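A.B. asks: everything below, folded, please.
(chains A and B)
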Amino acid sequence: MASDFATHREAILEEYEEYYRDCPYDVTPVKEILDQWYEEAKDRTPYERKALVYRAAAQLCEIRIFRQSPFFFEVKTGRIRNSSQNGFPPGPGLEGWYMDKQMHYAEEFQEWIRPYRERDLIWGDIFSDLAHHSVGYDNLLAKGLKGFVQKAREQMEKQPSPAALGFYRSVIEGCEALRQIAGRFSALAQELLAGEQDQELRDNLSMIREAAKRVPWEPAESFYEALCVILFFKEMMTGLEGVAVAVLGHLDRLLEPYYIRDCERGELDYEKAKNLMAHFLIHTDARWDLTGDEFASTNNSLIIGGCDQEGNVIYNDITRMILEVYDEYELVNPKIQARISSRHPEEYFSRTAAMIAGGKNVFSFLNDDVIIASNVRMGKDLKDARLYSAGGCQEPVLDNTELNCRAFLYLSLPQLVNSFFDDSLNLFFEREDTGYEKPEHLETFEEFYENYIAKLKSIYKRLVEVLNHYGAFMREFDPCPLLSATLTGCLEKGIDMTEGGAIYNPTSMPLVGIGTAINSLLAIKEVVYDKHMLSLKELGALLQSNFEADPRMREYLLNRCPKYGMDTPEVNAFAGRIFHDLATATSGPVNNRGGRYEASLFVFYLFDWMKEQVGATSDGRLAGTALSRGMNPTDISGISNTANILHTLKKIDMTDYPGAGVLYLEMPLMKSEPGTSYLARTMKAFLEAGGSALDLNLLDPQVLKKARENPDAYKNIVVRVCGFSAYFTSLDTHIQDEIIGRTFVNG
Amino acid sequence: MDENLFITQIQRYSLHDGPGIRTTVFLKGCNLSCRWCHNPETQKSGPQIQYLPNRCIQCGACLQACPQKALYIEEGHMKRNAGKCAVCGACAKVCYPDATKVIGEKLALPALMETLEADRDLYEDGGGVTFSGGEPMLQAGVLSRFLPRIREAGIPVTVDTAGCVPFDWFELLLLEVDLFLYDIKMTDPLKHKEFTGVSNERILDNAARLRRAGSRLWIRTPLMHGVNDTEEDLNGLHRFLEGLSGVERLDLLPYHAYGNYKAEGIGLPSRTFQTPSDEQMRRIQEYFSDIADAVSIM
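C.D. replies: Below is the predicted model of the structure:
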């Protein structure tokens, strides 16, 4: 029995704080030894060179046991405290050591993208996704590292290619290294027991001693061991692989069999399991500094609800205990990705709604029906598609079978509209061989629209070529043999996940600012083509002047032109059409891993990060101001009415977007009845409307304004920023203002 | 059916006008003139011009568009000679910033049904349509022909009324209304006349008759400090509500001044009242806790 979380909560946080506040720990001596090893291994495969990191962790890095915790996970690999956010640029610890040596690939890519990034046309640091990844937890729990080693050995006997041989060797090296590290934890626990008087803490140490002897080498046999495996492996991957592993797994699905078995044996009950869960979950909030000035997204997420491989709905004791732990202990992280469907029980909706209303808003909601269907439409097996998680924020990824590269490179739709007015924005087409030819005239709106889509297609085509080109260097840049071993397909094929070892290998380049782009196109249709109020050239000149040439015309564009979200048949039809056309234009090509490019509207905070260089837009937006968020209408259109938005959503087929599109609904905070039922009903209406991902925010702007002025008095207000929650007062004032500015007309 | 309701606006996803998630239709025209009215643009029954100076960009387009030459500029803002203005809307048509607007439009049944159908998913769990205002009962005749169609479509109906109409008019609607939100400001008839322009005898009488007829009532009381929150006022209201028996709910609405800018926009004097303190609101809520199944501060 682990120590009682509720009683020891403060002491637990204190112990973590004492250790993590001094991060990053200096690992220079370890890195120097690694450098020597690297020199000696020059003629080995990249996988084997990467595997040196695993060996170094096992042989050279200190380990740390927190006596207040029954889990083991902390190896001094030199990570910064708030790590795992991006995976790039390489961190100061072992996680960045290997990549640091290959930076010429990154630098070359950055040089290529720089002019487009400077104009806020494309945003990206690196040519692949080094964050938001998951682990093949089902495989890991069922087979143990032992199973991976056994498989690798079997494959080595089949006379694989030299590259595959190197891959297998590195997998074995990695698994053995983790076995060794776990063994060291067991021994350290034994050692610490000698000096520990407190019985509860002795229990923690005994548990670690026994579990670390077995897992993750052996398959997990109990609920507790399964949690040990998940936390240990996830932390090892983030510390060693150089990619940020964000996903802690679909916990209520993964853990249920262990929970049932343990309970049947009389070794566990609900309260004991919940106590372990609290110890497990506190790690993220404790590790990260959430009150500092940094952009405090931990990226860590876990998944609840949804269904199993056969489609059976999941909502069980594990789901309940997770929600209770967040509720009772006011956790902010990991983010909860709540998979919902119309088949889920009422309790699920009312429980999450009550937590949101109570200010514990840690959720994103994912519509199972739409996300599963969108993946099946991309040719994935239904049973595989049913097992998905979301990593980082709401970016879906299939469990065990998929390496999904997403959320690393973004394309601005509004800037592409503006390229029809501002020739300097056409530098992409001038510098790159895209095949796009500028038309002489655009006589009708149809011609204009077709040209817009053609332009998007050609820019996308070139981006695909570039990403595929650089993607091919991933095996050199940052192969991840140990993480690969957990993904179905890699061991079978002898191919690293960065090269296409997994069964499914999609990539997406999300489209930013769809609301701003739609409204700009609608305005162009109205004032240039339907009403002939301005020529394209005159509109361009107006935009160039940031509307100063004719402020009244700006008012027309703002208030009189149709707007996405106003929910008229014409606008809805246009929205349905453009959503579909954009998805078609950005889906289908094959990437360097043999997977396909998939459409995505997952834009994180890029609506803000990509605004500076976007001049005035035809929807009346002033130069340099924020673009529309997620798949939302623009904030300047004044359309934030939930009913309008949900009804508009019905006309859009979100199964076109396996990469999801987030709908943000800012809801009025009800101080009195009707309580929280309206929230649950809104979630269900979102499902019925066919949405893909949903973030709810309950904002009282008056309170937020007070919080900005007087942060000390409002330290505990948690808001959804965009796919993650944070303490409002810890956010940069610019982000605080953006959140306050999300006006709503409801209520 | 070729008839219309006369409305100011339709508010979708409304959470404050009855149970669940609702669509609220604000009808134009009211026979009370409460000094604290937060929807002053709904008082007059005909169309009106509203001008919001903070939206005006001083472009002057309205002056040129007005066929009656009823507009002029004074101190940088548009002024209107009400005697000359024919409320034709020519000024609003050219006002791109929407500083000038015509308030009041017709709403036919098919358009209303289309709006309601769009939000059907949101009405489950008790939601529906609420007719508010203004005083919706002044359009009871048209409502009596619209409501059966709405109810046939399975959409619950709530009417938010101040109750100052002949009871016959309620009788037209009784079978078609699921719930009345019934405003009672105060029980002292003289004070009521002073602040709302009418006596409250009929209002109080109708409330009692509605209860006797078996109608569901949620009572709503706005609270202005120093106007109707004295001990005497509250005692009076308490006594009356006790006699009303079977009130499901009492909503206490602390005064807010959000309506003032709208009053100024249509040329009405805007008056500001004091809002009772949070502490006082809680005391009042406690005082009325025996009156209804739920007593809420909105």
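
A.B. asks: excluding its backbone neighbours, what's nearest residue 280?
C.D. replies: All of this is about chain A. Nearest in space to residue A:280, with sequence neighbours left out and distances taken as CB to CB, 6 or more residues apart in numbering or on different chains, is residue A:227 at 4.9 Å. Where C-beta positions appear, they are placed from N, C-alpha and C, glycine not excepted.

A.B. asks: oops, wrong one, chain B.
C.D. replies: residue B:229 is the one closest to residue B:280 (CB to CB, 6+ apart), at 6.9 Å.

A.B. asks: residue A:78 too?
C.D. replies: The nearest residue in space to residue A:78 (CB to CB, 6+ apart) is residue A:93, at 2.7 Å.

A.B. asks: which pLDDT value goes with the one you found?
C.D. replies: We have a pLDDT of 94 for residue A:93.

A.B. asks: contacting residues for it?
C.D. replies: A:24-25, A:27, A:77-80, A:239 (CB atoms under 8 Å, 6 or more residues apart in numbering or on different chains).

A.B. asks: wait, residue A:162 sits on residue A:45?
C.D. replies: Yes: taking contacts as CB atoms under 8 Å, residue A:162 lies within contact range of residue A:45: 7.2 Å.

A.B. asks: these two: who's more crowded?
C.D. replies: Using other CB atoms under 10 Å in any protein chain shown, the more surrounded residue of residue A:162 and residue A:45 is residue A:45, with 22 against 8.

A.B. asks: would you quantify the distance from the more buried one to residue A:31?
C.D. replies: Residue A:45 is 21 Å from residue A:31, where distance means CB to CB, to the nearest Å.

A.B. asks: repeat for residue A:107
C.D. replies: 21 Å.

A.B. asks: tell me which of the two has more neighbours.
C.D. replies: residue A:31 (20 against 10).

A.B. asks: and the pLDDT at the nearest residue to the more buried one once chain neighbours are set aside?
C.D. replies: Residue nearest to residue A:31 in three dimensions, not counting chain neighbours: residue A:97, with 5.4 Å by CB to CB, 6+ apart. Note for residue A:97: predicted pLDDT of 96.

A.B. asks: let me see the contact set for residue A:97.
C.D. replies: Residue A:97 neighbours (CB under 8 Å, 6+ apart): A:31, A:34, A:53, A:90.

A.B. asks: who's in contact with the third one?
C.D. replies: Residue A:53 makes contact with A:34, A:94-95, A:97-98, A:240-241, according to CB under 8 Å, 6+ apart.

A.B. asks: SS state for it?
C.D. replies: Three-state assignment for residue A:53 (DSSP: H, G, I helix; E, B strand; the rest coil): helix.

A.B. asks: any idea how far it lies from chain B?
C.D. replies: 52 Å (CB to the nearest CB, to the nearest Å).

A.B. asks: so what does the helix ranked longest in chain A touch, helix or strand wise?
C.D. replies: In terms of residue count, the longest helix belonging to chain A (DSSP state H) is helix A:162-195. If you count contacts as 3 or more CB pairs under 8 Å, 6 or more residues apart in numbering or on different chains; DSSP states H and E, helix A:162-195 packs onto helix A:46-60, strand A:63-64, helix A:137-156, helix A:199-214, helix A:223-240, helix A:481-486, helix A:490-493.

A.B. asks: tell me the most buried of those?
C.D. replies: Comparing those by mean neighbour count (mean count of other CB atoms under 10 Å in any protein chain shown), helix A:481-486 ranks first with a mean of 28.

A.B. asks: extract the CA atoms of that helix and return them as PDB.
C.D. replies: Provided in PDB are the C-alpha atoms of helix A:481-486 (Å, rounded to 0.1, in the frame of the first residue of the first chain):
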ATOM      1  CA  PRO A 481      15.000   2.900 -32.000                       C
ATOM      2  CA  LEU A 482      13.800   2.400 -28.400                       C
ATOM      3  CA  LEU A 483      10.500   4.300 -28.900                       C
ATOM      4  CA  SER A 484      10.200   2.500 -32.300                       C
ATOM      5  CA  ALA A 485      10.300  -0.900 -30.600                       C
ATOM      6  CA  THR A 486       7.000  -0.200 -28.900                       C
END
